[in-house]
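Undergrad: below: sequence and its predicted model.
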Amino acid sequence: DTGVSQDPRHKITKRGQNVTFRCDPISEHNRLYWYRQTLGQGPEFLTYFQNEAQLEKSRLLSDRFSAERPKGSFSTLEIQRTEQGDSAMYLCASSLAGTGLRGTEQYFGPGTRLTVT
Amino acid sequence: GQNIDQPTEMTATEGAIVQINCTYQTSGFNGLFWYQQHAGEAPTFLSYNVLDGLEEKGRFSSFLSRSKGYSYLLLKELQMKDSASYLCAVRDGSGGYQKVTFGTGTKLQVIP
């Protein structure tokens, strides 16, 4: 257990439905990342926050995806009008801000596995 | 943008040494990470390099050459539990942001 939690762990939904996932990072971590991972691939960057500010969003991310971190603590990732291609593991990670010699490694949550039928 | 390349699969024998290579291209290099990911689990941190040279941590070592855009992860005295995917990830600090991009991972199989 890294201290990062995600809810739910599994989600099965029908195509066209909206889904929302939650991530609770390690409390003192000010950076929070969302990734998507499919079988045999590395985590694909979706977006990241520093405190409550969303600093970058992948250009691959369609307008159906939105993420928030309203108080700089937990974050939510919403997918609207889900498609079968959205089926994947959605990973959240948190870290401390830092540069250079400080490693500031990311701590990953267990992920939410989404299946769109 | 970033481009990270690592071999897709490797096989090595228990007790042996294996080296997993990673090459990258990025405009604002600000650190390279190695993560281990067992099947069905989340990635866990192994090592971090930001300066050229070797970082050693027990059975695991990681090397970085910034001028060559090259890193490797060295695993010694391989154990069966080391069978996992090993992910190379590069942090890009250009523009003041700290985006981390992962490679596709190298699936290592340790055989008796």
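TA: Cool, the structure landed. Residues are numbered from 1 along each chain as shown, chains lettered A, B, ... in the order given.

Undergrad: so where is chain A shaky, pLDDT-wise?
TA: Applying pLDDT under 70 to chain A flags the ranges A:98-103.

Undergrad: so for it, the centremost residue is which one?
TA: In chain A, the residue lying closest to the centroid (C-alpha atoms, centre = their mean) is residue A:34, at 2.6 Å.

Undergrad: now do the SS call for residue A:41.
TA: In three-state terms, and counting by DSSP: H, G, I helix; E, B strand; the rest coil, residue A:41 is coil.

Undergrad: quick one: contacts for residue B:109?
TA: Each residue near residue B:109 by C-beta atoms under 8 Å, 6 or more residues apart in numbering or on different chains is listed here: B:9-12, B:83. In short, each C-beta sits where N, CA and C put it, glycine included.

Undergrad: can I take it that it is in a strand?
TA: Yes. Counting by three-state DSSP, residue B:109 is found in a strand.

Undergrad: distance check, it against residue B:58.
TA: Distance, residue B:109 to residue B:58, using C-beta to C-beta, to the nearest Å: 21 Å.

Undergrad: please save the CA atoms from the helix or strand containing the residue nearest to the centre of chain A in PDB.
TA: Applying DSSP states H and E as the criterion places residue A:34 in strand A:31-37. C-alpha atoms of strand A:31-37 as PDB (Å, rounded to 0.1, in the frame of the first residue of the first chain):
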ATOM      1  CA  ARG A  31       1.400  17.000  -7.500                       C
ATOM      2  CA  LEU A  32      -1.200  14.500  -8.800                       C
ATOM      3  CA  TYR A  33      -1.100  12.700 -12.100                       C
ATOM      4  CA  TRP A  34      -3.600  10.600 -14.100                       C
ATOM      5  CA  TYR A  35      -2.500   7.900 -16.500                       C
ATOM      6  CA  ARG A  36      -4.200   5.400 -18.600                       C
ATOM      7  CA  GLN A  37      -2.700   1.900 -19.200                       C
END
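
Undergrad: work out the sheet partners of it and label each with its direction, please.
TA: Sheet partners assigned to strand A:31-37 using DSSP bridges are listed as strand A:44-50 (antiparallel), strand A:88-95 (antiparallel).

Undergrad: and among those strands, the most buried is which?
TA: strand A:88-95 (a mean of 24; mean count of other C-beta atoms under 10 Å in any protein chain shown).

Undergrad: just list the residues touching the nearest residue to residue B:54 once chain neighbours are set aside, thanks.
TA: The shortest distance from residue B:54 to any non-neighbouring residue, by C-beta to C-beta, 6 or more residues apart in numbering or on different chains, is to residue B:63 (4.9 Å). Contacts for residue B:63 (C-beta under 8 Å, 6+ apart) come out as B:49, B:53-55, B:71-72, B:74.

Undergrad: now swap in residue B:71 and tell me
TA: If a contact means C-beta under 8 Å, 6+ apart, then residue B:71 has B:21-24, B:32, B:34, B:49, B:62-65, B:88 as its contacts.
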